[in-house]
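1. fold the following, please.
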Amino acid sequence: MLDKKEEDIVGGYFSSWLNTADQDKFYLISRLAIREGGVRQMECSLAVDESITIPCKANILMPPVFEDESISLLVSLENQTIQEWARQVALDGKQSAEAANQAKSRFLANMSHELRTPLNGILGISELLIAEESEVELKEKLTMINRSGWNLLETINGILDIARIESGKEKIQKEQVFFSSFIDRLIEPFKVLSENKKVEIKLTVDPTLPETVCADRIHLRGILTNLIGNALKFTEEGYVSVKVSLLKQSKQLCWVRFFIEDTGIGISKKDIELIFDEFFQADNSNARKYGGSGLGLAISKKLVQKMGGSLECISTIGVGSTFVCDIPFQVDQEQSFPKLADQTPNDGSRQVGSYSILVVEDDLISQNLLKDMLIKFNCNVTVAATGIEALERIESAEGTKFDLILMDYMMPEMDGAAATRKIRIQEKATSQPRVPIVAVSARVTEIDRNACKLAGMDGFIEKPFTLESIQTTLEQVPELQMLT
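-> The predicted structure follows:
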């Protein structure tokens, strides 16, 4: 192992082959072997010469004392070169995997931004034209453009969601949710869609459910939207029934069952076990007829499992399908969870005011779209193309006192997070009132949301944004202005 002659080794000291740190370790372990006996082990490096070391495992044994009562130690060495190489390969592999995961996360974030930004223009402008157009045929064509854009966005979101879940980047975020208003808001769009079909939407909500639960509102809405949307899509006549019931409840947890039943085309027995697989579609002819990427159910099941719940399906061809989704929610009132303004029960008294709003956005199409949407709500709009320009407008002696700032997250020169931090520092330094700042972003990962929150932003609007999401934000302005 050392490639040395016998005369170079005999009569020498074992410790002379060790470095200083290993010599100290050997001294302590040998003392222990002499005092207590038994075999002791240590890892060390043998210095063959100034440039070469061999990783070894040393087994140190105190043999019987000789007649002359001299004390010696028996040391056997195991060459650990192969094991060390294997450890290094494993470590390099782990580091490479982590680097690949980080690169994947950056790619997903960039792709989300690059795809959502142009879709924001397509969907937003078509929505405005639909609202303004009175000619029926043209309105129908605009609606087709808008729906096609949303279908494309759904596919993009599905691919990005699967990638985030598999990389472990998708986190469950808990916040306070008002069950009744949440379910009502969720069902309302499906009632409108069902009017164009011979399908009735039935909703039954258990009155014994807690008024509020702590849940991941965004993911829960996505799961239920997918299940109800599928039921409506694959049902030509009859009904889609949504039942929400309380299964059991303890002091801190309640188990809620979401029961979605339809009278649609059904799923065969051979396909029932595969419907939760990624990109699987039960029938190619149905895929051509009804569309879809085959990602929705796979994502829903993964998210339900991350929440600690289960999602199962029972179905009969030609009769219909039933999806049973059981999810546990925290109801411990002593815990403090964020309460979102748009989840507060709305009695119709909340109105959108005529606000002075600063829009900070570098993309010209998004600038004009935000401005046009805000003008519909009688808002006075000022536009800044960069974070630096936004600071100049706020600092200007002739600048307007803004009720709200809509801040793009990704901008050249100075991004939205950096601009927000500077605004918050300036407010404190000059004792100015805190202006609500809401992020408007095509990057929608939890990392991006948290970065906006840490910078001092008060809300988050995803691109593509809609008239509804803008209205919801404007309704929150009085409450946001009360934040300190």
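2. only C-alpha atoms from now on, for both contacts and neighbour counts.
-> Will do.
3. mind listing what's buried along the host helix or strand of residue 32?
-> Taking DSSP states H and E as the definition, residue 32 sits inside helix 20-36. Under the neighbour-count criterion of 16 or more other Cα atoms under 10 Å, helix 20-36 has 22-23, 26, 29-30, 32-34 buried.
4. cool, and stretch 206-222?
-> Of all the residues in stretch 206-222, those buried under the rule 16+ other Cα under 10 Å are 209, 212-217, 219-220.
5. only C-alpha atoms, please: export stretch 241-249 in CSV.
-> Provided in CSV are the C-alpha atoms of stretch 241-249 (Å, rounded to 0.1, in the frame of the first residue of the first chain):
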residue,chain,number,x,y,z
SER,A,241,-73.5,17.8,-7.9
VAL,A,242,-71.1,19.3,-5.4
LYS,A,243,-71.5,18.3,-1.7
VAL,A,244,-69.3,19.6,1.0
SER,A,245,-69.6,17.8,4.3
LEU,A,246,-67.9,17.5,7.7
LEU,A,247,-66.6,14.0,8.3
LYS,A,248,-65.1,14.5,11.8
GLN,A,249,-63.7,17.2,13.9
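6. which of the buried residues of helix 20-36 sits closest to residue 451?
-> Nearest to residue 451, judged by Cα to Cα, of the buried residues of helix 20-36 is residue 22 at 45.9 Å.
7. quick check: the closest one touching residue 44?
-> Yes: counting by Cα atoms under 8 Å, residue 22 touches residue 44, with 6.0 Å between them.
8. ok, residue 474 - how many residues close by?
-> Each residue near residue 474 was counted by other Cα atoms under 10 Å, and the total is 22.
9. measure it to residue 359 for me?
-> Going from residue 474 to residue 359 by Cα to Cα, to the nearest Å gives 13 Å.
10. could you give the average pLDDT over the strand ranked longest in the chain?
-> Assignment by DSSP state E gives strand 237-249 as the longest strand of the chain. The average pLDDT within strand 237-249 is 93.
11. show me what counts as buried in that strand.
-> Result for strand 237-249 [16+ other Cα under 10 Å]: buried residues 237-242, 244-246, 249.
12. likewise stretch 134-148?
-> Neighbour-count burial for stretch 134-148 [16+ other Cα under 10 Å]: 139, 142-143, 145-146.
13. likewise stretch 387-398?
-> So, applying 16+ other Cα under 10 Å, buried residues of stretch 387-398: 387-388, 390-391, 393-394.
14. what would those look like in TSV with pLDDT, distance to residue 180 and secondary structure?
-> Below are these laid out as TSV (pLDDT from 0 to 100; distance: Cα to Cα, whole Å; DSSP: H, G, I helix; E, B strand; the rest coil):
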residue	pLDDT	distance to residue 180	secondary structure
387	93	40	helix
388	94	43	helix
390	92	40	helix
391	92	42	helix
393	88	42	helix
394	88	41	helix
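15. residue 203: which of the buried residues of strand 237-249 is nearest?
-> Distances from residue 203 to the buried residues of strand 237-249, taken by Cα to Cα, are shortest for residue 242, at 4.9 Å.
16. how far away from the center of its chain is stretch 26-36?
-> 54 Å (Cα atoms, centre = their mean, to the nearest Å).
17. quick one: mean pLDDT over that stretch.
-> Rounded mean pLDDT across stretch 26-36 is 83.
18. make sure residue 260 is indeed in a helix.
-> No: according to DSSP: H, G, I helix; E, B strand; the rest coil, residue 260 belongs to no helix; its state is strand.
19. and it, what does it touch?
-> 227-228, 231, 240-243, 322-324 (Cα atoms under 8 Å, 6 or more residues apart in numbering).
20. at 10 Å what do you get?
-> The contact partners of residue 260, by Cα atoms under 10 Å, 6 or more residues apart in numbering, come to 202-203, 224, 227-228, 230-231, 240-244, 313, 321-325.
21. common neighbours of residue 474 and residue 359, please.
-> 374, 404.
22. specify the beta-bridge partners of the closest residue to residue 390 other than its chain neighbours.
-> Leaving aside its sequence neighbours, residue 390 sits nearest to residue 384 (Cα to Cα, 6 or more residues apart in numbering; 5.3 Å). Applying DSSP bridges to residue 384 yields these beta-bridge partners: residue 360.
23. from residue 99, how far out is residue 384?
-> Counting by Cα to Cα, the gap from residue 384 to residue 99 is 37 Å.
24. between the two, which has more neighbouring residues?
-> residue 384 (18 against 12).
25. test my guess that that one contacts residue 411.
-> No: in this structure residue 384 lies outside contact range of residue 411 using Cα atoms under 10 Å: 11.2 Å.
26. return every residue with contacts to both of the two.
-> Common neighbours of residue 384 and residue 411 (Cα under 10 Å, 6+ apart) are 360-362.
27. of those, just say which sits nearest to residue 301.
-> Nearest to residue 301 among those, with distances taken as Cα to Cα, is residue 361, at 36.6 Å.
28. what number of residues are in the vicinity of the closest one?
-> The number of residues packed near residue 361 is 27, by other Cα under 10 Å.
29. and the one 3 residues further on, by the same measure?
-> Using other Cα under 10 Å, residue 364 has 11 other residues around it.
30. how about residue 461, what does it touch?
-> 406-408, 438-442, 444, 449, 469-470, 472-473.
31. return the member of those residues nearest to residue 197.
-> residue 469 (26.7 Å).
32. CA atoms only for the helix or strand hosting residue 227, dumped as CSV, please.
-> Assigned by DSSP H and E, residue 227 belongs to helix 217-233. Only the C-alpha atoms of helix 217-233 are listed here, as CSV (Å, rounded to 0.1, in the frame of the first residue of the first chain):
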residue,chain,number,x,y,z
ARG,A,217,-56.7,28.8,-0.5
ILE,A,218,-55.0,28.9,-3.9
HIS,A,219,-54.3,25.2,-4.2
LEU,A,220,-57.6,24.2,-2.7
ARG,A,221,-59.4,26.4,-5.3
GLY,A,222,-57.2,24.9,-8.1
ILE,A,223,-58.1,21.3,-7.0
LEU,A,224,-61.8,21.9,-6.8
THR,A,225,-61.9,24.0,-10.0
ASN,A,226,-60.3,21.1,-11.8
LEU,A,227,-62.7,18.5,-10.4
ILE,A,228,-65.8,20.5,-11.0
GLY,A,229,-64.6,21.8,-14.4
ASN,A,230,-63.9,18.2,-15.5
ALA,A,231,-67.4,17.1,-14.3
LEU,A,232,-69.0,19.9,-16.3
LYS,A,233,-66.9,19.4,-19.4
